[in-house]
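S.K.: Need coordinates for the below:
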Amino acid sequence: MRRAAWVLSLVFAGCPATGSGGKPAAEVSRQATTSDPTAEDFVPAPLPGARAVLTDAFAGKHVVDLEVAAVPAARQRGLMWRTALAEGTGMLFIFPVEDELSFWMRNTLIPLDMIFIGKDRSITGIVERAEPKTQSARRVEGRSLYVLEVPGGWCEKLGVKAGSTVDLQGLGAVEVLP
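M.R.: I've put the predicted structure just below:
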């Protein structure tokens, strides 16, 4: 009997721990436990990257490396649950049609500047230092096709204003879904 238990322990020692579907337990633990993109334990798909070059009020250029949210779950998730956003980085939300857009800061832990951009790629308006963890609607007058979120205070510090232009680079392969 002891010998049988010892043989079984050797057999099982060579097998990786598995979870659902025969996947290693470590891999299963990294999977989403919810399909709600706003939930803290949701595991979002990797986002495409791009770059924005914003022109400030003094014709200076400022580069922002972007994560692009162009599908519904990515737009809904946004920067929720992030504890930091490095200088020179941001998230670009792309919508299928230009419209009057509204954003909230639900489950967003850091203050952000929200830069609303029209289809002509000029800034229609900016919401500066949006307060984290609130559900108040953040919007500007006019229609936008894009919203760029950057660290709070970035626009004021660099002189980025409504009417400034934005050169969006690397969006050619990005598919925008309604």
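
S.K.: got the contact list for the spatially most central residue of the chain?
M.R.: In the chain, the C-alpha nearest the mean C-alpha coordinate belongs to residue 78, at 3.7 Å (Cα atoms, centre = their mean). Residues near residue 78 by Cβ atoms under 8 Å, 6 or more residues apart in numbering: 69, 91, 93, 103, 108, 149. To be clear about C-beta, it is placed using only N, CA and C from the backbone, and glycine gets the same treatment.

S.K.: helix or strand right after the helix or strand where residue 74 lies?
M.R.: Residue 74 is located in helix 72-77, with elements delineated by DSSP states H and E. Moving toward the C-terminus from helix 72-77, the next helix or strand (DSSP H and E) is strand 89-99.

S.K.: Select the helix or strand of the protein having the lowest average pLDDT value.
M.R.: Ranked by mean pLDDT, DSSP states H and E, the weakest helix or strand in the chain is helix 2-13, scoring a mean of 36.

S.K.: ok, back up a step: format the CA atom coordinates belonging to the helix holding residue 74 as PDB.
M.R.: Coordinates of each C-alpha in helix 72-77 appear next as PDB, following Å, rounded to 0.1, in the frame of the first residue of the first chain:
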ATOM      1  CA  PRO A  72     -16.300  49.000 -26.800                       C
ATOM      2  CA  ALA A  73     -14.700  47.100 -23.900                       C
ATOM      3  CA  ALA A  74     -11.400  49.100 -24.100                       C
ATOM      4  CA  ARG A  75     -13.300  52.400 -24.200                       C
ATOM      5  CA  GLN A  76     -15.400  51.400 -21.300                       C
ATOM      6  CA  ARG A  77     -12.300  50.200 -19.300                       C
END
